[in-house]
Structures are given as structure tokens and as C-alpha cells.
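Participant: Test case, fold it:
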Amino acid sequence: MAYISFEPKDYFNTTLYTGNATGRTISGVGFQPDWSWIKNRDDTSGHRVLDAPRGGTKELIANGTNTTITDAQSLQSWNSDGFVLGTAAGVNANTVPFVAWNWKANGAGASNTAGSINTIKTSVSTESGFSISTFTGTGSNATVGHGLGVAPKMVIIKSMTGGEDWTIFHEAGGGGKYIILNSTALFGTNVGAFNNTAPTSSVFSVGTFGATNGSSQTLVAYCFADVQGYSKIGSYVGNGNADGAFQYLGFKPNWVLIKRSNASGDQWQLSDGKRGVNGAIKTLYPDSAEAETSSDSIDFLSNGFKNRATSVGRNGSGDTYIYMAFAESPFVSSSGVPATAR
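Facilitator: Numbers count the residues shown, from 1 in each chain. From the prediction side, this is the model:
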């Protein structure tokens, strides 16, 4: 029996392209994206993050604390099969290889009034467990509607108007802790980040912490729930062995994000199914602008992932790691065909 009735590629897809420094359309995504995360694979150009509720040309940099950068030559708009680029080097430098990770929600969205803060816009796909919300912070304990209908297990918040960190709620840390996307730090304890409260089926909580609810700041929140056969958020313990820790997902992954959470100093690690095959899958680092590498090997299997590295970045003995993963195909597809390893 299939886990899901839809194809994962209808809601998430990785696209590779080579820049040409000329205005152009990138096609082949397979749907109209509402969140695009773009990285130059070859050099130290930052991770560009753009979404439909905030509109094209408005970049946030995942590896920094920058406020919104408006660049008319960045990603300008989205269409039914991809997106339109200008000439900006960060997304379209000549002859440079790029990767774009793309998610579908529901367009620009509309206000959600479920929380004590009404969102400016919330774009949501309940089917794929993903929503994007923009809201104005109050500096006081509050709730914000996410529209998912189930409790998200990971929430990423970034201020667009304040020079704040990318602050993350992850179910493994609970409502009293947070971890930072643009940092190698471990889980931090601050009840003001998420008001010491885990998300519910209708809202996530924010407290007095400036990075998640700065007074009069405009913020964006990306919320993710588990969808069996399509996405999974969780944690595992490393074994320090080249026959590494295996994590069952219930699907063949397309995209996996991992971070050691019990100690500081190790980078976020992001791998996808388009940049290499088992034994040579490339890694990018969301907390850094550095180019992709072949270190910290990981294998994508038909029903999960298996670390092949012995380093503490992904698989230190006894260390704890958090992750978020999206599917290439469920373990059993809608047509009843089992997935195969890469």
C-alpha cells in the first residue's frame, strides 16, 4: 500500500543549472515553486533564499544575519515549471554550476488569524506539510498561525528587517530550546525564543527573543510537518563507524539536512539526490558560503539514509544529530512499486 497519493516531485524538487549572466527562465522544476533556495556550488557565494509571500527579488542569505536584500536581477518571479532569473552573480554567474531546492506551498497566500498575531500572509500546503508565514513581531509572548492542521516538527524563523540569526525550533529540542541555521552552535536554551511551548495543530509560539519576535520587526517562518512517505523530521545517535548509523525514513530521500546538536563546532550538512550518487554524494553547508565538498559521505537508500563517514559532522560515536528529509520516492509508490537505492 502506498504511503501517499501524490508524487513527492509535485511538492519538492532539486534543480541543477549552469549560470550564463543573462536574463533567463529555469524550467524543469515540475511545479510553480513558492520557496526557492539557491546556492553557487563552486565558490563562496551565499545561500539565496526567496519565497512567494515576500515576492521575487527579495533575498535572505541563509548563512548570514542580513536583512532582506532587494536585487532586481536576482530570482525575479516563479512560473508553472520553475523561475525567472536576472543577471545577478549570486544566482546566475556565467559558467558557474548552481543548485536550486524548490518547495510548493500555495502561492502568495493570505492572512491567517488563528494566533494572537495575525499573519501578513500564510501560504500553506496541508497535503505536503509545509507553510510560509510572514508576520510582524510584538516583543511579547504570542502565537502565530501556520495553517498546517497538524503540529509542525520544525519551524525556521528569520527577521527580514533586523540583523538576527535564523532561529529554529526542532522537536528534538522542545519549546525551551533553539538552534541556529547560520551557526555551528549546539542547541541553545532560551525560553523566550518559542515561549517554552511546542507548536500545536494551529499555531507556533514565540516569546520575547528578538530573533523570533522582535518588536515591530517583520519576520518570515517556514513550518514543516511529517508526511509519511514524503517528509520526516527527527534525530539519531551516531556510531563513529564507516558502516554508519542508518536512519529509517519510509522513503528514498531526495534532500537531507543534518546537524550535530549536542555539541558546538560542527556545520549543518545538506545533501541531495541530484549532486552525486552513493559513494560520491556532495555536501553543502547552510551556515557557510563555501563550495560543495565530497567529505562526510552519506548513502541514500530505498527507505532512508546511511552515513558512511566516521567524522563528528554526521556520525560521531554517541553524538546526537537532528535532521529534516524530503523524498524522491516513497518506499512504496502510488502504483505499488518499491523504491530502489541510488
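Participant: hey, let's count contacts and neighbours off CA atoms from now on
Facilitator: OK.
Participant: and the closest residue to Thr122 other than its chain neighbours, what does it touch?
Facilitator: In this structure, Thr122 finds its nearest non-sequential neighbour in Ser133, 4.2 Å apart by Cα to Cα, 6 or more residues apart in numbering. Going by Cα atoms under 8 Å, 6 or more residues apart in numbering, Ser133 touches Pro53, Thr119, Ile120, Lys121, Thr122, Ser123, Gly145, His146, Val220, Ala221, Tyr222.
Participant: thinking the third one is in contact with Gly137, fair?
Facilitator: Translated: Ile120. No. Checked against Cα atoms under 8 Å, the pair Ile120 and Gly137 is beyond contact range at 11.0 Å.
Participant: between those two, who's got more neighbours?
Facilitator: Using other Cα atoms under 10 Å, the more surrounded residue of Ile120 and Gly137 is Gly137, with 26 against 19.
Participant: That one reaches Val220, doesn't it?
Facilitator: No. With contact defined as Cα under 8 Å, Gly137 does not count as touching Val220 (10.1 Å).
Participant: For the residue nearest to Thr122, name its beta-bridge partners.
Facilitator: Thr122, Ala221 (DSSP bridges).
Participant: Now do the strands in the stretch 101-250 of the chain.
Facilitator: Assigned by DSSP state E, counting those that start in this stretch, the strands in the stretch 101-250 of the chain fall at 121-125, 130-136, 142-145, 154-159, 167-170, 177-180, 188-189, 203-206, 218-224, 231-237, 246-248.
Participant: any chance of those strands in TSV, with distance to Lys104 and mean pLDDT too?
Facilitator: Shown next, in TSV, are those (distance: least, Cα to Cα, whole Å; pLDDT from 0 to 100):
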stretch	distance to Lys104	mean pLDDT
strand 121-125	7	98
strand 130-136	8	98
strand 142-145	19	98
strand 154-159	16	98
strand 167-170	20	98
strand 177-180	24	98
strand 188-189	31	94
strand 203-206	20	98
strand 218-224	12	98
strand 231-237	13	97
strand 246-248	25	95
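Participant: pLDDT score assigned to Arg260?
Facilitator: Note on Arg260: pLDDT of 96.
Participant: how close does it sit to Ser295?
Facilitator: 16 Å (Cα to Cα, to the nearest Å).
Participant: cool, Ile61 as well?
Facilitator: Taken as Cα to Cα, the span from Ile61 to Ser295 is 24 Å.
Participant: more neighbours, those two?
Facilitator: Ile61 (24 against 15).
Participant: what's across from the more buried one in the sheet?
Facilitator: Beta-bridge partners, per DSSP bridges, of Ile61: Arg48.
Participant: just checking, it touches His47?
Facilitator: Yes. Assessed by Cα under 8 Å, Ile61 is found in contact with His47 at 5.4 Å.
Participant: how does this protein divide into domains?
Facilitator: 8-103, 121-224, 231-330 (automatic domain parsing).
Participant: want to throw those domains into TSV with distance to Gly109?
Facilitator: Listed next are the domains of the chain as TSV, based on distance: least, Cα to Cα, whole Å:
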stretch	distance to Gly109
domain 8-103	6
domain 121-224	4
domain 231-330	22
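Participant: got any ranges where the stretch 201-342 of the chain has weak pLDDT?
Facilitator: Within the stretch 201-342 of the chain, the ranges that satisfy pLDDT under 70 run 331-342.
Participant: the helices in it, which residues?
Facilitator: Along the stretch 201-342 of the chain, counting by DSSP state H, counting those that start in this stretch, helices occupy 210-213, 312-315.
Participant: Mean neighbour count and distance to Gly175 for those helices - can I get that in JSON lines?
Facilitator: Listed next are the helices of the stretch 201-342 of the chain as JSON lines, based on neighbours: other Cα atoms under 10 Å; distance: least, Cα to Cα, whole Å:
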{"stretch": "helix 210-213", "mean neighbour count": "26", "distance to Gly175": "13"}
{"stretch": "helix 312-315", "mean neighbour count": "26", "distance to Gly175": "24"}
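Participant: Let's have those helices in a markdown table, adding distance to Ala151.
Facilitator: Formatted as a markdown table, the helices of the stretch 201-342 of the chain follow (distance: least, Cα to Cα, whole Å):
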| stretch | distance to Ala151 |
| --- | --- |
| helix 210-213 | 18 |
| helix 312-315 | 27 |
